[in-house]
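**Q** Fold the stuff below for me.
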Amino acid sequence: MRQYTIFGNYGNGTIALLQWVIESNLSSKTSVISVDTGWAAPDWEERVNQAEIFARNHDIEVIRLKSPSNFSKLIINRNAFPDLKFQWCSAFLKGLPMMDYLNAHDPNNETIIVSPKVPFMARINQAMKEFIDQDLYFERKIWQPFYQITRSEWENLIKRTKQFSVLSHRALECDPCIVNDNRDMLRMKKSTIKQVQKLEKRVNRPMFSPKAYGGAQGIEAVIHYIKNTSSQEHQNNYYDNAMQGCGSHWFCGE
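**A** From the prediction side, this is the model:
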């Protein structure tokens, strides 16, 4: 196992961190691990493939794991969707395969988890520290090299890859995510919406809480509500939502 490990989904956060690793001459000491959750946006695999090639070309070790289950199976088996408070899907889809891999290849807990989190993306991150200890990773140290980075510095890292531009949305390793913000709702493709409708019908439950969307029942009604309300009361931020639950531990959307 290499000295440094990134849990990445190849969104803006992962790409910026890979470029930082390259510029810091840490490539040969770093691995990036992603998980195929079986619930990604239709065209996200192309992004993952491009990012993996970029990392390998710079001597960063690339590891892609497969989730032992997928989002649809989890929902059907539990007959319920996760919610903002209990984002249990991330632990099953990403946490389990990630920890299984670490425990198999780093039994002495020596690798350092390098986090892509930044202070400006979510309110809870504004008091970030450079190093933290997290029992969740069996006392492996977490390094947050972006704890003082500015948005312009972060975006410039992405631009310096010469291959990637700054995305206007989060990583789409799971789409939709239970902590979707309104921009995510309006961005989804028809095939994704149909997939959600099929799952909602199967378990006879809406994926997103009607209370948060003026009583709208089901994904199509939620999108209609967002499109047709001028009120800002339902505005939200993906990273603020994700940082409140389990998704924070597994770097969802990064």
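
**Q** where does this protein dip in pLDDT?
**A** Scanning the chain for pLDDT under 70 picks out the ranges 230-247.

**Q** okay, now the domains of it?
**A** According to the domain assignment given by automatic domain parsing, the chain is divided into the following structural domains: 4-171+239-248, 182-235.

**Q** Please identify the most buried of these.
**A** domain 4-171+239-248 (a mean of 18; mean count of other Cβ atoms under 10 Å). Any C-beta I mention is one placed from the backbone N, CA and C, and that applies to glycine too.

**Q** Any idea how far apart the tips of that one sit?
**A** Distance between the two ends of domain 4-171+239-248: 19 Å, counting by Cα to Cα, to the nearest Å.

**Q** mind putting the domains of the chain in TSV, distance to Glu254 included?
**A** Converted to TSV, those look like this (distance: least, Cβ to Cβ, whole Å):
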stretch	distance to Glu254
domain 4-171+239-248	3
domain 182-235	15
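
**Q** which ones are touching Arg205?
**A** Residues counted as contacts of Arg205 (Cβ atoms under 8 Å, 6 or more residues apart in numbering) are Asn79, Ala80, Phe81.

**Q** Now flag whichever of those residues is closest to Ile124.
**A** For the contacts of Arg205, the closest approach to Ile124 (Cβ to Cβ) belongs to Phe81, at 23.5 Å.

**Q** Angles on the backbone of the nearest residue to that closest one once chain neighbours are set aside, please.
**A** Nearest non-adjacent residue to Phe81, counting by Cβ to Cβ, 6 or more residues apart in numbering: Met207, 4.9 Å away. Its backbone dihedrals place Met207 at phi -70, psi -40, with angles given as degrees, to the nearest 10.
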